[in-house]
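Asker: Using only what follows, build the 3D model:
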Amino acid sequence: MKTGDEEVRMKEGELWWFDNNVMHEASNDGDEDRIHMIFDMLPEALADQVFSHAS
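Answerer: Okay, the predicted model is just below:
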């Protein structure tokens, strides 16, 4: 995983956070398929704006 000027190799069971507003890329150079779960978090500053319109 590359983001900004940092590159890491994510291992099974690890949890990572990064700013997805920065250009990023991911690749799998292994022999097995990988599955990643991605959670997109809402900034607290936008919570009132987003949830005030919920019915």
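Asker: ranges for the helices of the protein?
Answerer: 44-51 (DSSP state H).
Asker: residue ranges of the strands in it, please?
Answerer: Taking DSSP state E as the test, the strands found in the chain are 2-3, 6-7, 24-25.
Asker: And those strands: which comes nearest residue 51?
Answerer: strand 24-25 (27.7 Å; C-beta to C-beta). All C-beta spots, glycine's among them, are computed from the backbone N, C-alpha and C.
Asker: List the contacts of the closest one.
Answerer: 1-4, 18 (C-beta atoms under 8 Å, 6 or more residues apart in numbering).
Asker: how about those in TSV, adding neighbour count and pLDDT?
Answerer: Listed next are the contacts of strand 24-25 as TSV, based on neighbours: other C-beta atoms under 10 Å; pLDDT from 0 to 100:
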residue	neighbour count	pLDDT
1	14	91
2	14	93
3	17	90
4	10	86
18	13	85
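Asker: Which pLDDT value goes with residue 26?
Answerer: Residue 26 is assigned 90 on the pLDDT scale.
Asker: separation between it and residue 40?
Answerer: Look at residue 26 and residue 40: by C-beta to C-beta, to the nearest Å, they are 15 Å apart.
Asker: residues touching the spatially closest residue to residue 22 that is not a sequence neighbour, list them.
Answerer: In space, and not counting its chain neighbours, residue 22 is closest to residue 4: 4.8 Å by C-beta to C-beta, 6 or more residues apart in numbering. Counting by C-beta under 8 Å, 6+ apart, residue 4 touches 19, 22-24.
Asker: of these, closest to residue 8?
Answerer: Distance to residue 8, by C-beta to C-beta, is smallest for residue 24 among these, at 11.0 Å.
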